[in-house]
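A.B. asks: have a look at this fold, sequence not included:
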Ligand SMILES: Nc1ncnc2c1ncn2[C@@H]1O[C@H](COP(=O)(O)OP(=O)(O)OP(=O)(O)O)[C@@H](O)[C@H]1O
């Protein structure tokens, strides 16, 4: 298997506190993986290590064949991530954000088109609204749809289900599965059993131990 992501005994310590115990993960092209565990278990920390925005205290993290921190240029085109809030422009509508991504790929965006992507995410009703005019659930689904619209090989998602009701959690799951069906690789931290189960059919589940409380 050609590994897109290879995490080998990676851990993270802040001061004297280990916030991520040694963790390993191997993720090949087209696979999906769920990272699960209690609040504070280290899920976001692991995603940041894979994103290259943090470095492990011990162990190694390789993304696209390079140490995650050295994969900067490749990350721009080959990794799309939703870790926290998605960056948005206050004066561009929902549809214009997707159009911007499409244009940024200068004729090489593989599709679907903006209208189809909005329909798939159930966002047609708010297509002409600005980010500041969306409900919190709409904002989250918009952020997820926008993240998945970048035609990146690897997608990193931190709790994509947050602030979504049961119906929209289902939409979010289907969006993630559709990305996998198109050959993307997805690593998602989640508290949603439905998303965990869906990803478990597509690859490994990384269970992080609960932190001492
Ligand atoms: N810069 C930091 N300094 C000290 N501790 C930190 C720092 N960043 C994160 N932590 C701690 O690391 C632990 C793991 O945090 P992380 O955000 O990875 O957990 P999580 O599993 O994503 O939690 P949740 O499900 O609540 O989002 C937490 O106890 C957090 O307080």
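C.D. replies: Perfect, thanks for sending it. All figures in this text were calculated on a predicted structure; none of them were measured in a lab.

A.B. asks: in the helix or strand harbouring residue 13, what counts as buried?
C.D. replies: Assigned by DSSP states H and E, residue 13 belongs to strand 3-14. By neighbour count on 16 or more other C-beta atoms under 10 Å, the buried set for strand 3-14 is 3-7, 10-12. C-beta here means a position set from N, CA and C on the backbone, and glycine is covered the same way.

A.B. asks: where does the protein have its least confident helix or strand?
C.D. replies: One helix or strand of the chain scores below all others by mean pLDDT, DSSP states H and E: helix 72-78, with a mean of 70.

A.B. asks: in the protein, which ranges drop under the pLDDT threshold?
C.D. replies: 1, 71-76, 213 (pLDDT under 70).

A.B. asks: grab the most central residue of it for me.
C.D. replies: Closest residue to the average C-alpha location of the chain: residue 157 at 2.1 Å, with C-alpha atoms, centre = their mean.

A.B. asks: that one contacts residue 189, correct?
C.D. replies: Yes: between residue 157 and residue 189 there is a contact under C-beta atoms under 8 Å: 7.2 Å.

A.B. asks: could you point out the helix or strand that follows the strand holding residue 13?
C.D. replies: Next helix or strand after strand 3-14 toward the C-terminus (DSSP H and E): strand 17-28.

A.B. asks: which parts of that next one are buried?
C.D. replies: Neighbour counts over strand 17-28 (16+ other C-beta under 10 Å) mark 18-20, 23, 25-27 as buried.

A.B. asks: next: stretch 125-145.
C.D. replies: Buried, per 16+ other C-beta under 10 Å, within stretch 125-145: 126-127, 129-131, 134, 137-145.

A.B. asks: quick one, longest helix in the protein?
C.D. replies: helix 166-181 (DSSP state H).

A.B. asks: and the angle from the helix or strand following it to strand 3-14?
C.D. replies: Using DSSP H and E, the next helix or strand after helix 166-181 towards the C-terminus is strand 185-189. Strand 185-189 runs at 20 degrees relative to strand 3-14, counting by axes from the mean of the first three to the mean of the last three C-alpha atoms, to 10 degrees.

A.B. asks: all strands of this protein, in order?
C.D. replies: Under the criterion DSSP state E, the chain contains strands at 3-14, 17-28, 32-36, 58-63, 66-67, 79-82, 154-158, 185-189, 205-207.

A.B. asks: now render those strands as a markdown table, adding distance to residue 44.
C.D. replies: What follows is the strands of the chain, written out as a markdown table (distance: least, C-beta to C-beta, whole Å):
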| stretch | distance to residue 44 |
| --- | --- |
| strand 3-14 | 11 |
| strand 17-28 | 10 |
| strand 32-36 | 9 |
| strand 58-63 | 14 |
| strand 66-67 | 20 |
| strand 79-82 | 11 |
| strand 154-158 | 5 |
| strand 185-189 | 6 |
| strand 205-207 | 13 |
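
A.B. asks: want to throw those strands into TSV with distance to the ligand?
C.D. replies: TSV is the format used below for those (distance: least, C-beta to the nearest ligand atom, whole Å):
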stretch	distance to the ligand
strand 3-14	3
strand 17-28	3
strand 32-36	8
strand 58-63	14
strand 66-67	20
strand 79-82	13
strand 154-158	7
strand 185-189	6
strand 205-207	11
